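what follows is a protein structure lacking sequence information:
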């Protein structure tokens, strides 16, 4: 049956027909002998309206004036062969019915026919069917899959969580073979299955590990990190090695590869709890702390190369902060192409060979906008003085600080560094040695300070409870003074001054313009052999931050600041001296009298204004020197002569002397009683301090040598001082001003007649500072009358000790009520009382040697004891009779009959 179709009368009819009728199958065209032009779908938009698909001008012009002739009706050619046509089925539907049935079929197929026809038409770039050179026998092309839309952020997170859950459900037994690495460990970790295995183990550790809390430990650390706006999360190596011992060994042996995997998981872990934290910090650093093995700087060898090491030492030099290229891109100046990114190594510079676009070899310029920088700083770490072997010079090592580790330590601080021991090629070193060697350094990963302010003693809640309970002891002030240098006998006045200096007064800053120091300065002046240097060494080991120097070995720039050329940048830089390094601590100067006058004048500003002004080599600046100064000096001729004035005994000027709050004159006076007590103490101390003595090992190193229970352990003393300086800020009470003003007026009047240290306005501030320090010693937030009395007593002792011998007696009588305030005479009085008991027993043995039986107790008259005590300036013994030492020594006081009894064994 032949089927005719009316030819279109216009191109518009053709386009309408092409959209109404479906495209014929290619299989049908194989049965056609003379295909008709009327059955070819033509898109008139492509032929006329789309300029992008027009032929070039030199080609054949298809759109001539007679192009409509191609669409005329040809009835003789619009006939089909009868072969292959089913005449039994005749479709009598009109066009509207056909289109309706087609739409119904599309709806039943779910719209797949639109995709089928649209995809086929789209792949042929909008060209007519006649322009396709497909063979008649060509199979139909497969339908092109549509491009899926990118998933949303929530869908991506869900998909990532599903992958993590699938990885977490892996059987551990199936991964045991991953622990048994073959070949190089770094190559083994670079394998994809091993990387996924390490990441899964570390992710599980971060989410699950708990430390005495219900909430995961590292979730709490992330909360603290976010609250501090930090970009470093500290990993406790001890916890990691107890959880995954083999992976902890891998971390120490191949830290570069392991830290890369673990930092990726750290970023995911932080972003899971704080999604928007990436807006503040793009990268989270994993810091490995508490590495169990610490190496000495002089013991690092080739076996430690590219491994994680831990060393300690003192920072001697610190460079400036420089921007280092981390991810660099280059611009080709010839073609303008952007090359990169290239990841910069800290030791070698990356150089581009040629441009991949224009094949030119440069020149190339750094693209400043798309290049990423990071902070870079270099430290020089030197061995601690106590760890250097005898007769050896201290070694040093260079430390590289990156990112947020910069400026975490300054010269003079003792730090612990955990980092990767690495090397880089140094051309200057090779030229010098004549053979290829490498300069080694440590790229720091974690830094902790040893002796910085409050860093060594992070107080726990238990420590705070013990300190508060200890402060409620009414004798805590006397106990702290006893605990200062317990191995040194006597010198209660020096120990009191050192205790006040360690606690310090309250610093005041009036509206940010005028600053009053709160640190207390002490000068120890006296005869040789009176333990002056021993006191300084004790403070150096006990204080949280202390710098020790000697007068002869220190110059003006060594105490204040020096200007020198930086070896890296060749620019003039400042290097702080002892007073700058001791900022917020104590500076100890021994042999103070041996300093040159010019050097001594340089510390005038540092002792009062607590700043150091520099104006050298074009550098005009001011450095902070907020520290206490404790100095020790010898008088002229070696011994102090009380028959001379103070100015004749020392070579120190009044400006420097007035800057010391406490001035102690220590004289070596011959006294049989005191000398015998001192000798007994020294012998007993040497006996108990022998290294092979078993009792000392059982009692511990902090046990006092004299066995006094009132003496605090040195560890507890440091914690007590730390807590007091952190939390107690005492203020003056209104009722205390009148007493301070009266004492100052009396001292000022006496100083005009005497020939000792002149009293200046600075001594009023000294009394206020010492009263605040005494209040802080008792953990009080306000200054009481007791604190003022103690400060007045210390100042009076300093003033009277500098007078001539005859003037001292008169001044002691004038200020008698202040001089005896809370002075510890118990040991001396107890020694005098025991001497009287021995004399009584010896007298009884001589008188009644043959007839009288042995005595059961000895009786001593109180008048005899008080007469002995008055020889040493002790007038009131009521405190001694009610004291603990009197009762523990088996003495009984009968106040009614004024006798003292002691049983005889």
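Arrived safely, thanks for sending. No experiment lies behind these values; they were computed from the predicted model shown.

residues contacting the residue lying closest to residue 712 once chain neighbours are set aside?
Ranked by C-beta to C-beta, 6 or more residues apart in numbering and with sequence neighbours excluded, the top spatial neighbour of residue 712 is residue 483, at 4.3 Å. To be clear about C-beta, it is placed using only N, CA and C from the backbone, and glycine gets the same treatment. By C-beta atoms under 8 Å, 6 or more residues apart in numbering, the contact set of residue 483 is 704, 711, 712, 714, 717.

can you redo those as JSON lines with pLDDT, secondary structure and distance to residue 748?
Shown next, in JSON lines, are those (pLDDT from 0 to 100; DSSP: H, G, I helix; E, B strand; the rest coil; distance: C-beta to C-beta, whole Å):
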{"residue": "704", "pLDDT": "46", "secondary structure": "coil", "distance to residue 748": "41"}
{"residue": "711", "pLDDT": "84", "secondary structure": "coil", "distance to residue 748": "39"}
{"residue": "712", "pLDDT": "85", "secondary structure": "coil", "distance to residue 748": "38"}
{"residue": "714", "pLDDT": "85", "secondary structure": "helix", "distance to residue 748": "40"}
{"residue": "717", "pLDDT": "88", "secondary structure": "helix", "distance to residue 748": "36"}
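
can I get those residues in TSV with neighbour count and distance to residue 213?
TSV is the format used below for those (neighbours: other C-beta atoms under 10 Å; distance: C-beta to C-beta, whole Å):
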residue	neighbour count	distance to residue 213
704	19	38
711	19	37
712	20	32
714	19	32
717	20	31
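
I'd like those residues laid out as CSV, including distance to residue 325.
Output for those, formatted as CSV (distance: C-beta to C-beta, whole Å):
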residue, distance to residue 325
704, 58
711, 59
712, 54
714, 49
717, 50
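
out of these, who's nearest residue 297?
The closest of these to residue 297 turns out to be residue 714 (C-beta to C-beta; 28.1 Å).

wait, isn't the closest one in contact with residue 538?
No. Between residue 714 and residue 538 there is no contact under C-beta atoms under 8 Å: 9.4 Å.

return the distance of the residue nearest to residue 712 relative to residue 721.
10 Å (C-beta to C-beta, to the nearest Å).

repeat that for residue 222.
Residue 222 is 33 Å from residue 721, by C-beta to C-beta.

and for residue 565?
Counting by C-beta to C-beta - residue 565 and residue 721 are separated by 40 Å.

among these two, which residue is more densely surrounded?
residue 721 (22 against 11; other C-beta atoms under 10 Å).

can you give me the buried ones in the helix or strand encompassing residue 835?
According to DSSP states H and E, residue 835 maps onto helix 826-847. Neighbour-count burial for helix 826-847 flags 826, 827, 828, 829, 830, 832, 833, 836, 837, 840 (criterion: 16 or more other C-beta atoms under 10 Å).

same thing with stretch 253-267?
Here stretch 253-267 shows 254, 255, 257, 258, 259, 261, 262, 263, 264, 265, 266, 267 as buried, counting by 16+ other C-beta under 10 Å.

out of those, name the ones that lie in helices.
Mapping these onto helices (DSSP state H) picks out 255, 257, 258, 259, 261, 262, 263, 264, 265, 266, 267.

quick one: which of the buried residues of helix 826-847 is nearest residue 442?
Nearest member of the buried residues of helix 826-847 to residue 442, counting by C-beta to C-beta, is residue 827, at 53.0 Å.

any weak-confidence spans in the stretch 551-700 of the chain?
Within the stretch 551-700 of the chain, the ranges that satisfy pLDDT under 70 run 567-569, 692-700.

please enumerate the strands of it.
Taking DSSP state E, counting those that start in this stretch as the test, the strands found in the stretch 551-700 of the chain are 561-565, 572-576, 586-590, 611-616, 619-624, 628-633, 662-666.

which stretch among the ones you listed comes nearest residue 503?
Evaluated over the strands of the stretch 551-700 of the chain, closeness to residue 503 peaks at strand 628-633, with 10.3 Å, by C-beta to C-beta.

what's the closest one in contact with?
Contacts for strand 628-633 (C-beta under 8 Å, 6+ apart): 498, 501, 504, 519-525, 532-533, 535-536, 539, 551, 579, 585-593, 603, 606-607, 650, 652, 660.

in terms of pLDDT, where does residue 851 sit?
We note a pLDDT of 54 for residue 851 in this prediction.

for burial, what's the neighbour tally of residue 869?
19.

quick check, residue 901 in a strand?
Yes. According to DSSP: H, G, I helix; E, B strand; the rest coil, residue 901 belongs to a strand.

residue 858 is in contact with that one, correct?
Yes. Between residue 901 and residue 858 there is a contact under C-beta under 8 Å: 7.1 Å.

show the contacting residues for residue 277.
Residue 277 neighbours (C-beta under 8 Å, 6+ apart): 226, 270, 271.

got phi/psi on the residue found closest to residue 732 once you drop the neighbours it is linked to in the chain?
The spatially closest residue to residue 732, leaving aside those adjacent along the chain, is residue 783, at 5.0 Å (C-beta to C-beta, 6+ apart). Dihedral pair for residue 783: phi -90, psi 130, per degrees, to the nearest 10.

roughly how far apart are residue 783 and residue 521?
Distance, residue 783 to residue 521, using C-beta to C-beta: 20 Å.

what of residue 765?
In terms of C-beta to C-beta, residue 765 sits 11 Å off from residue 521.

these two: who's more crowded?
residue 521 (24 against 17).

give me the pLDDT value at residue 709.
Looking at residue 709, the pLDDT reads 70.

now do the residue nearest to residue 712 against residue 491, distance only.
Taking C-beta to C-beta, one finds residue 483 at 14 Å from residue 491.

where does the spatially most distant residue from the centre of the chain land on pLDDT?
Distance to the chain centre peaks in the chain at residue 76, reaching 97.4 Å (criterion: C-alpha atoms, centre = their mean). With respect to pLDDT, residue 76 has a value of 71.

what residue ranges in the stretch 301-450 of the chain score low on pLDDT?
Ranges of the stretch 301-450 of the chain meeting pLDDT under 70: 345-349, 425-436.

for the stretch 751-900 of the chain, same thing?
The low-confidence ranges in the stretch 751-900 of the chain, as defined by pLDDT under 70, are 754-756, 816-825, 827, 848-855, 872-873, 875, 884, 888.

can you show me the strands along it?
857-861, 892-894, 899-903.

for residue 571, which of those is the nearest?
Evaluated with C-beta to C-beta, the strands of the stretch 751-900 of the chain place strand 892-894 nearest to residue 571, the distance being 75.4 Å.

show me what counts as buried in that closest one.
Residues of strand 892-894 classed as buried under the neighbour-count rule (16+ other C-beta under 10 Å) are residue 893.

pull the residues that contact that strand.
Contacts for strand 892-894 (C-beta under 8 Å, 6+ apart): 862, 881, 886, 900, 901, 902.

narrow these to just the buried residues.
862, 881, 886, 900, 902.

tally of neighbours for the closest residue to the fourth one other than its chain neighbours?
Closest residue in space to residue 900, ignoring its immediate chain neighbours: residue 860 at 4.5 Å, by C-beta to C-beta, 6+ apart. Using other C-beta under 10 Å as the criterion, residue 860 is surrounded by 19 other residues.

enumerate every residue touching residue 860.
Taking C-beta under 8 Å, 6+ apart, we find residue 860 in contact with 833, 836, 837, 840, 899, 900, 901, 902.

rerun at 7 Å
833, 836, 837, 840, 899, 900 (C-beta atoms under 7 Å, 6 or more residues apart in numbering).

and what of residue 778?
471, 476, 477.

drop the exposed ones from those residues and show what's left.
Here, 16+ other C-beta under 10 Å leaves 471, 476, 477 buried among those.

the last one looks like it's in a helix, true?
Yes. Residue 477 forms part of a helix when assessed by three-state DSSP.

apart from its neighbours in sequence, what residue is nearest it?
residue 777 (5.7 Å).

my read is that that neighbour contacts residue 502, right?
No. Assessed by C-beta atoms under 7 Å, residue 777 is found out of contact with residue 502, at 9.1 Å.

returning to that earlier point: between the ones in helices among the buried residues of stretch 253-267, which is closest to residue 732?
Nearest to residue 732 among those, with distances taken as C-beta to C-beta, is residue 266, at 50.8 Å.
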